[in-house]
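**Q** Pasting a predicted model and its sequence here:
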Amino acid sequence: MFSIFKQEKREIYISEPDLEAAHAHLMALPQSKTGVMPRQWGREWVLQCLREALGGLNDNATGEASCVSFGPGLWALIVPFGIDLAGPGSVDGKYQVWVLVRSAGTDPQRITKL
């Protein structure tokens, strides 16, 4: 599926609320450098991390939706644009990123073996 992104230059978008959630998550991490930079720089930094992660997608990735990590506790789920709105989603080849945020950190004292 993602080889078509590289061949046909498909358009991928991100909503501002998703971008803001990713930025807020990074600012809240211990020893985060995004918290000491101007907000616009932090926003651009998140976008750059996302662009780099999307650029490195596996050409053999398949499926309706694919996911890639782009920061600590952050994943980008690539879906057809507007699929969460009323209707079938975009039919013109646009895609969007949904940001998935890990809400808890690792506690080495509280682990369970699978």
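**A** Structure's in. What do you need?

**Q** which element follows the worst-scoring helix or strand of the chain on mean pLDDT toward the C-terminus?
**A** Of all helical and strand segments in the chain, the minimum by mean pLDDT, DSSP states H and E falls on helix 3-8, at a mean of 48. Note on helix 3-8: by DSSP states H and E, the next helix or strand toward the C-terminus is strand 12-14.

**Q** What residues sit buried inside that next one?
**A** Residues of strand 12-14 classed as buried by neighbour count (16 or more other C-beta atoms under 10 Å): Ile12, Ile14. Every residue, glycine included, has its C-beta placed from N, CA and C.

**Q** Partner strands of that strand, with direction?
**A** Using DSSP bridges, strand 12-14 pairs in its sheet with strand 95-101 (parallel).

**Q** Quick one: residues in contact with the strand it pairs with.
**A** Strand 95-101 is contacted from outside by 5, 10-15, 18-19, 21-22, 25, 50, 54, 67, 73-84, using C-beta atoms under 8 Å, 6 or more residues apart in numbering.

**Q** Could you rerun that using 7 Å?
**A** Strand 95-101 is contacted by residues 10, 12-15, 18, 21-22, 25, 50, 73-81 when judged by C-beta atoms under 7 Å, 6 or more residues apart in numbering.

**Q** what about Glu52, which SS state?
**A** Secondary structure, DSSP: H, G, I helix; E, B strand; the rest coil: Glu52 is helix.
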